[in-house]
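Asks: with the sequence up front, the predicted model follows.
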Amino acid sequence: VIRAFSYFSHLANIAEDRHHIRRRDVHERAGSLQPDSLAYCLEHLHEAGIRPTEIAEVLQRGFISPVLTAHPTEVQRKSILDAERAVAGLLE
């Protein structure tokens, strides 16, 4: 049962990734920006009168640090990863 839910979770993640890619493609073909994208946010900042220098100053003060969250028990066998990639390819 645990393994089945694990597979379901992975398949749901693949489906979600495909959905985001499909939505991005739709927006690109329509010539519009996808809400919540970086380009969309920057466009709205520009429309609000925020100068690029102000944005750059805020970003320079930011702190970005990688976070590793995988637990050793989450390491997957190559065969499972290959199967997930095959499913993702079929969905594509």
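Replies: Sure, I can see it. Numbers count the residues shown, from 1 in each chain.
Asks: and residue 63, what pLDDT?
Replies: Looking at residue 63, its pLDDT is 89.
Asks: show me the shaky parts of this structure.
Replies: Low-confidence regions of the chain, defined by pLDDT under 70, span residues 70-76.
Asks: what residues are up against the residue nearest in space to the middle of it?
Replies: With distances taken as CA atoms, centre = their mean, residue 17 lies nearest the centre of the chain, 6.9 Å away. For residue 17, the contact set (CB atoms under 8 Å, 6 or more residues apart in numbering) comprises residue 88. All C-beta spots, glycine's among them, are computed from the backbone N, C-alpha and C.
Asks: how is residue 65 assigned, secondary-structure-wise?
Replies: With DSSP: H, G, I helix; E, B strand; the rest coil as the basis, the three-state label of residue 65 is coil.
Asks: neighbours around it, how many?
Replies: Residue 65 has 4 neighbours, counted by other CB atoms under 10 Å.
Asks: can you offset everything so residue one is 375?
Replies: Yep, numbering from 375; the last one is residue 439 now.
Asks: how close does it get to residue 412?
Replies: When distances are taken as CB to CB, to the nearest Å, residue 439 and residue 412 turn out to be 19 Å apart.
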